[in-house]
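Engineer: Need a 3D model of the following:
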Amino acid sequence: MKLRPARAPALLAALLMFPVALFAQKTSVESLCRLHGIEQQESIAQIREAYVAALNAGISEDELSPFVEDILKHKLDCAQMVRVLFVTTTLRRDGLPYFVVFSKVREGVTKEAPPALVVEAAESKLKTLTLSRDVLKSLESSGYRVLDFQNAAVIVSSYLEKGFQPGEVVSEIRNKGIEGAGFAALAGVLEKPVKRKER
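Structural biologist: Sure, this is the predicted structure:
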């Protein structure tokens, strides 16, 4: 019986920690912005909004916070920062592999590419990954089975980046099969339809 009153303060402490955690998260984004030279409150508010949208889309803070810090270190301005976060949020919401953009942006940061080019690379990746989803849907409607959607989307987007058109990828695979069309990298993530024997 003596243990019961002790539970109330523990419960109260747990409840109080939740808003503190939310406040700490907002403060960390704000302090990161200030640390890397973004001072205007309006800019910080826009970045925070884009950051929260990414979290709400399902990107974990453990992934997002270091990524944001990497971008800020590279001196992207507010508008560029928001654009990169918009790309990752859109990909996550659409069920596409947003981690590819994380890698692409970090690659640009490592190579000290101009911030504008880093943003363009991220937006280009959004475009090719979105087109790759359409390619995979077209192939599924033809009877192909996508075994690993995330990896298949990455592979198709790499073919699109090499200059193949979405319709060309679909028609070549339909007509010649995966290997026959020269898209062997898709063999492990896409299964060709089984032809039914006519009775």
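Engineer: Which strand or helix spans residue 43?
Structural biologist: Using DSSP states H and E, residue 43 sits within helix 41-57.
Engineer: Give the buried residues for the next helix or strand after that helix.
Structural biologist: Going down the chain from helix 41-57, the next helix or strand is helix 61-73, by DSSP H and E. Within helix 61-73, the residues that count as buried by 16 or more other Cβ atoms under 10 Å are 64, 65, 67, 68, 71, 72. In short, each C-beta sits where N, CA and C put it, glycine included.
Engineer: pLDDT below threshold where in this protein?
Structural biologist: Scanning the chain for pLDDT under 70 picks out 1-27, 36, 194-199.
Engineer: just the helices in it please.
Structural biologist: For the chain, applying DSSP state H gives helices covering 4-35, 41-57, 61-73, 78-93, 99-110, 115-141, 149-161, 166-176.
Engineer: got the contact list for the residue nearest in space to the middle of the chain?
Structural biologist: By Cα atoms, centre = their mean, the chain has its centre lying nearest to residue 98, at 1.5 Å. With contacts defined as Cβ atoms under 8 Å, 6 or more residues apart in numbering, residue 98 is in contact with 59, 87, 88, 89, 91, 92.
Engineer: Stretch 167-187: which residues count as buried?
Structural biologist: For stretch 167-187, the neighbour count (16+ other Cβ under 10 Å) marks 169, 170, 172, 173, 178, 181, 183, 185, 186 as buried.
Engineer: now the end-to-end length of that stretch.
Structural biologist: End-to-end distance of stretch 167-187 (Cα to Cα, to the nearest Å): 19 Å.
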